[in-house]
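**Student:** Okay, structure incoming, though there's no sequence with it:
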């Protein structure tokens, strides 16, 4: 395990600027999640660290060593791909042993057997070691893929949406398992996803990427409560943050220059209108079972917020809406610290 | 999987039967000449040219005796003075007032065919795999033009360049050599190999090699450990196509080989017996000649089928 840094890294594919002057340091033992939409440069970042792509400018340093021009095999990194993760002509055991059997490593057969057995137990696949890798379920395949990365002790684990092709239940299970394993081994990890729940639950720090730039990096809490701008604010929170014009609601404490107010569920106090005054109307109550989404129309704007499963609100109710310390954004979309 | 996706309704029993009947009729028609050659190889020379043609006859392996031997005519007195015949071939030959003088050229010609066909197939598939991998995975400058150029070598019948090649081979001393024939068939087959294999290799996701390279393998090691095992189907299909071409090639073989490097196809029709063409021996030669390709095709028939339907069915 080691510190890994990207220093001013840029990469273009033809006319597309995939990464633009990215600087990021992953500390030893840290779990960093890069979050961003498709095309933000997440996968490119991983491929650059792995050495599958060469940066146009900037450098990549692993454990104090500049590896920018070094071949993938010599970088001592492990990579879990989004799909096509297993070698289809090999068994589970052979897949797990594959990195250890590399001519560069020269491990003894006993050592390989022992380490494969250990890692197979860790990812709970030890009962299927002799199976052909194509005869596994999606979750098992992905566990083997993660196991194949864990079987070595590389400087850094790179994971490219390893859970995205799985169904929701399995994704939840593996998410926990992966975090448990990472904590147990104290591994350094750079993990890419577009799933905000994965980012929030697993990361020590989240990096938000947009159009090849690192917009903000910080703990999940920081990113959630103190987003640097509208883009970051919109990436986290379910339902998505409500962005309202500054003058839509009577709000006294808005700082000067506020153009947009960002309001999540916790920033809103909604009550049934009393004494004739109301701000909006309940448009629709979306029953999700464990919770409800409340759709409110306010001055021609739509607003979505969470409410209890046993909500007193019904379609057509007139309501008052108050803001509690919401987020303020200026004309350029940057947050104004109030 | 994908074939089923196209047919919405299972074909009716009647239409299946009609289809099966058509296939059987077609197969029978195609097989008649082969059957006739096979039957002729077990006829005696008089039976083979009998009129009306004999469908029922007493089988004899005289054709095979004549295929593998040369014979000389002798006087009955000389034949009677010989010790008793030791084999069926000896006996048959003596009945026709001849004795076996030695082995014929068929076996060396057959071996030439094996060496040249398998040698050129190996070279074409080897070069084709490497080239296809390169085209598939790397940014080759002018890749499309190069691929078109490679394909364009197949746009005219190879025999169209027979005279230049004949002259060139004479200058280079490659006429009537196994090396010359291997080079020639490799050159003809390599374009087919590159195109077929590029399709197969394109289908192998590059993530596999990338994973292997990160796992501590060089690109060449990753190619050998990960790409090759997954390309075996494509390689087998390509090898069969190349082998069939090289094995059956007649025009260049008859033009460029006459002696030591002559292959079986130009040799077989030249088998002459007493008083003209020895049809049972020719038929026997053809039958023996068919065996290797038959065995090879049966062994790899699944891959061959995949090779034929390749590109027609997409996942």
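**Tutor:** Now that the structure is in, tell me what you want to look at. This one's a predicted model, so the numbers in the text were calculated from it and none came from an experiment. Numbers count the residues shown, from 1 in each chain, chains lettered A, B, ... in the order given.
**Student:** that's a strand at residue A:124, yeah?
**Tutor:** No: counting by DSSP: H, G, I helix; E, B strand; the rest coil, residue A:124 is not part of a strand but coil.
**Student:** Can you confirm whether the helix ranked longest in chain B lies near chain A?
**Tutor:** In chain B, with assignment by DSSP state H, the single longest helix is helix B:106-137. No: Helix B:106-137 does not reach chain A (CB under 8 Å from any CB of the partner chain); its nearest approach is 12.1 Å. Heads up, the C-betas are built off the backbone N, CA and C, glycines and all.
**Student:** and the angle for the helix or strand following that helix with helix B:106-137?
**Tutor:** Downstream of helix B:106-137, the first helix or strand assigned by DSSP states H and E is helix B:143-152. Interaxial angle of helix B:143-152 relative to helix B:106-137 (axes from the mean of the first three to the mean of the last three CA atoms, to 10 degrees): 160 degrees.
**Student:** From residue A:2, how far out is the residue in the stretch 151-300 of chain B that chain A sits nearest to?
**Tutor:** Of all residues in the stretch 151-300 of chain B, residue B:216 sits closest to chain A, at 3.2 Å by CB to the nearest CB. The gap separating residue B:216 from residue A:2 is 17 Å, by CB to CB, to the nearest Å.
**Student:** same deal with residue A:227?
**Tutor:** On the measure of CB to CB, residue A:227 and residue A:2 end up 31 Å apart.
**Student:** Likewise for residue B:181?
**Tutor:** 59 Å.
**Student:** Neighbour count: those two, which is higher?
**Tutor:** residue B:181 (29 against 17; other CB atoms under 10 Å in any protein chain shown).
**Student:** The helix or strand containing the more buried one vs helix B:106-137, what angle?
**Tutor:** In the assignment (DSSP H and E), residue B:181 maps to helix B:178-202. Helix B:178-202 runs at 40 degrees relative to helix B:106-137, counting by the same axes, to 10 degrees.
**Student:** any idea of the mean pLDDT in helix B:178-202?
**Tutor:** The average pLDDT for helix B:178-202 rounds to 93.
**Student:** can you tell if it touches chain A?
**Tutor:** No: judged by CB under 8 Å from any CB, helix B:178-202 and chain A are separated, with a smallest distance of 13.9 Å.
**Student:** in that helix, what counts as buried?
**Tutor:** Across helix B:178-202, burial judged by 16 or more other CB atoms under 10 Å in any protein chain shown covers B:178, B:180-201.
**Student:** by contact count, what packs against it?
**Tutor:** Contact here means 3 or more CB pairs under 8 Å, 6 or more residues apart in numbering or on different chains; DSSP states H and E; on that basis helix B:178-202 packs against helix B:106-137, helix B:143-152, helix B:162-172, helix B:232-248, helix B:251-256.
**Student:** Let's see that with 6 Å instead.
**Tutor:** helix B:106-137, helix B:143-152, helix B:232-248 (3 or more CB pairs under 6 Å, 6 or more residues apart in numbering or on different chains; DSSP states H and E).
**Student:** So what touches it?
**Tutor:** Helix B:178-202 is contacted from outside by B:115-116, B:119-120, B:123-125, B:127-129, B:131-133, B:135-136, B:150-151, B:153-154, B:158, B:169, B:174, B:231, B:234, B:238, B:242, B:246, B:261, using CB atoms under 6 Å, 6 or more residues apart in numbering or on different chains.
**Student:** Which of the residues you listed are buried, as a ChimeraX select command?
**Tutor:** Applying 16+ other CB under 10 Å to the contacts of helix B:178-202 leaves a buried subset, and the ChimeraX line that selects it is:
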select /B:116,119,120,123,124,125,127,128,129,131,132,133,135,136,150,158,169,174,231,234,238,242,246,261
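**Student:** In terms of secondary structure, what does the helix or strand in which residue A:190 is found contact?
**Tutor:** Residue A:190 belongs to strand A:189-193 when assigned by DSSP H and E. Counting contacts by 3+ CB pairs under 6 Å, 6+ apart, strand A:189-193 packs against strand A:31-35, strand A:156-160.
**Student:** Report the angle between that strand and strand A:31-35.
**Tutor:** Angle between the axes of strand A:189-193 and strand A:31-35 is 20 degrees (criterion: the same axes, to 10 degrees).
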